[in-house]
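Asker: sequence first, predicted model second:
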Amino acid sequence: MRWQNQTLDADDGALPGLGRAGFARTVQTPDFEGITFHEVLCKSALNKVPDESNLPFRWTINPMRGCSHACRYCFARGSHEYLELDAGTDFDTQIVVKTNIAAVLRRELTRRSWHRERVALGTNTDPYQRAEGRYRLMPGIIRALTDSGTPFSILTKGSLLHRDLPLLSLAAREVGVHIGISLALLDPELQRALEPGTPAPRARLDLVRACGDAGFAVDVMVAPVIPYLTDGRAQLDELFGELAAAGAESAVVIPLHLRGSTRGWFLGWLAEHHPALLRRYRQLYRSGATVAPEYASWLRERVDPLLREHGLRPEEPRPPEARPAPEPADTPQLELFA
């Protein structure tokens, strides 16, 4: 591994892909069987998004690298190769944890050059994956952002966010806070096959409901829709109905992307479990990482009427961080994400 020779007292040690950092230790525990944690001391917490990315935020925070959710389709898999780890099993089981990230973030947010721009969490790997239960990084991050007057958003599949809802509700009285939940399928068998480390779909529906009860307007990322596996009209209709019943404000539907190493990892799974679909996928992704235009149009025509029927506003695909949650009714309306 590229950081193995680093020590905490290295003058200028740099962990590839995480900026300048110091390697602390490697940890394995019976509570996380099959998973290895690589604890590092980061020297930077805020990541600037390239201007050409055209995203509705310029800054992100990634408390960890790698993700035990183990989603077969995860677009972030290729980032593990920069650490000389593979984008498949290593991404799922070799988790890099920035143990000092809250303290580093607090220091960065006090700089005179910081203009309290919106910060997004969950844009690379999930901040509420299971390891957060062990390391408890998010409460410190939330407090640092709130104390500095910095609005932020969180996108997660992790039901562990339940733990921090009281803290997030307090934060929302001071800054713009938005919560997005990722849920693209209801079938528990398919969920275990495609995203084996994630909470069950019903647990995420409960999370949508709990966030709504706490005063947040929750957008749901129905992403990715897996062609020929989760794009049936009955499947989508049932999913949207459950989301609406749980109190979701809207849903953003995005078909599967197959970029870089993710393509081989996902197609390997497809060849094992659904080999009859391989030829169709090669045709569907004949031009690269995105679905053929005719499929995208077909899916949009299927989805939009269903979203309207269930009161989930059909919109252009975009990360849910772009819309803030309203303030609770008994507090003054704040100017969010100004």
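Answerer: Sure, I can see it.
Asker: okay, how far is it across stretch 207-221, tip to tip?
Answerer: One end of stretch 207-221 to the other measures 13 Å (Cα to Cα, to the nearest Å).
Asker: how about stretch 67-77?
Answerer: Span of stretch 67-77 from end to end, Cα to Cα: 9 Å.
Asker: which residues does it contact?
Answerer: Identification of contacts with stretch 67-77 by Cβ atoms under 8 Å, 6 or more residues apart in numbering yields 32, 35, 87-88, 91-93, 95, 124-126, 129-131, 157-158, 193-198, 224, 226, 256-262, 265-266, 269. The C-beta positions use only the backbone N, C-alpha and C, and glycine is treated the same way.
Asker: how far away from the center of its chain is it?
Answerer: What separates the centre of stretch 67-77 from the centre of its chain is 10 Å, taken as Cα atoms, centre = their mean, to the nearest Å.
Asker: looking at the chain, which helix or strand does the model trust least?
Answerer: strand 21-27 (a mean of 76; mean pLDDT, DSSP states H and E).
Asker: Provide the strand pairings for the helix or strand that contains residue 178, with the direction of each partner.
Answerer: Per DSSP states H and E: residue 178 is located in strand 177-182. With DSSP bridges as the test, strand 177-182 is paired with strand 152-156 (parallel), strand 219-225 (parallel).
Asker: so what touches the first one?
Answerer: The one in question is strand 152-156. Residues outside strand 152-156 that contact it (Cβ under 8 Å, 6+ apart) are 57, 118-123, 126-128, 142, 145, 161, 168, 175-182, 221, 319-321, 324.
Asker: pull the contacting residues for the closest residue to residue 80 other than its chain neighbours.
Answerer: Once flanking residues are discounted, residue 80 sits nearest to residue 91: 4.4 Å by Cβ to Cβ, 6 or more residues apart in numbering. For residue 91, the contacting residues are 66, 67, 70, 74, 76, 77, 80, 85, by Cβ under 8 Å, 6+ apart.
Asker: ok, now residue 284?
Answerer: Neighbouring residues of residue 284 by Cβ under 8 Å, 6+ apart: 227, 291, 292, 295.
Asker: and for residue 188?
Answerer: Contacts here follow Cβ under 8 Å, 6+ apart; on that basis residue 188 touches 200, 201.
Asker: what of the one 3 residues further on?
Answerer: Applying Cβ under 8 Å, 6+ apart, we find residue 191 in contact with 185, 198, 200, 201.
Asker: can you count the residues close to residue 174?
Answerer: Neighbour count of residue 174, defined by other Cβ atoms under 10 Å: 15.
Asker: the closest residue to it other than its chain neighbours: which element?
Answerer: Excluding the flanking residues, the one nearest residue 174 by Cβ to Cβ, 6+ apart is residue 146, at 5.2 Å. Secondary structure from DSSP H and E places residue 146 in helix 138-147.
Asker: how distant is that helix from the center of its chain?
Answerer: So, by Cα atoms, centre = their mean, the centroid of helix 138-147 is 18 Å from its chain's centroid.
Asker: so what does that helix touch, helix or strand wise?
Answerer: helix 101-109, helix 165-171 (3 or more Cβ pairs under 8 Å, 6 or more residues apart in numbering; DSSP states H and E).
Asker: go again with 10 Å.
Answerer: The helices and strands touching helix 138-147, judged by 3 or more Cβ pairs under 10 Å, 6 or more residues apart in numbering; DSSP states H and E, are strand 59-61, helix 101-109, strand 119-121, strand 152-156, helix 165-171, strand 177-182.
Asker: next, the buried residues of it.
Answerer: For helix 138-147, a neighbour-count test (16 or more other Cβ atoms under 10 Å) marks 138, 140, 141, 142, 143, 144, 145, 146 as buried.
Asker: any stretches of the stretch 51-200 of the chain with poor pLDDT?
Answerer: Along the stretch 51-200 of the chain, the model assigns pLDDT under 70 to no residue.
Asker: OK, contacts around residue 137?
Answerer: Going by Cβ atoms under 10 Å, 6 or more residues apart in numbering, residue 137 touches 61, 63-64, 97-102, 105, 127-128, 131.
Asker: got a PyMOL select line for the buried ones in those?
Answerer: Command for PyMOL that selects the buried part of those, burial taken from 16+ other Cβ under 10 Å:
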select buried, resi 61+63+64+97+98+99+100+101+102+105+127+128+131
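Asker: ok, which pair from the contacts of residue 137 is furthest apart?
Answerer: 100 and 128 (19.1 Å; Cβ to Cβ).
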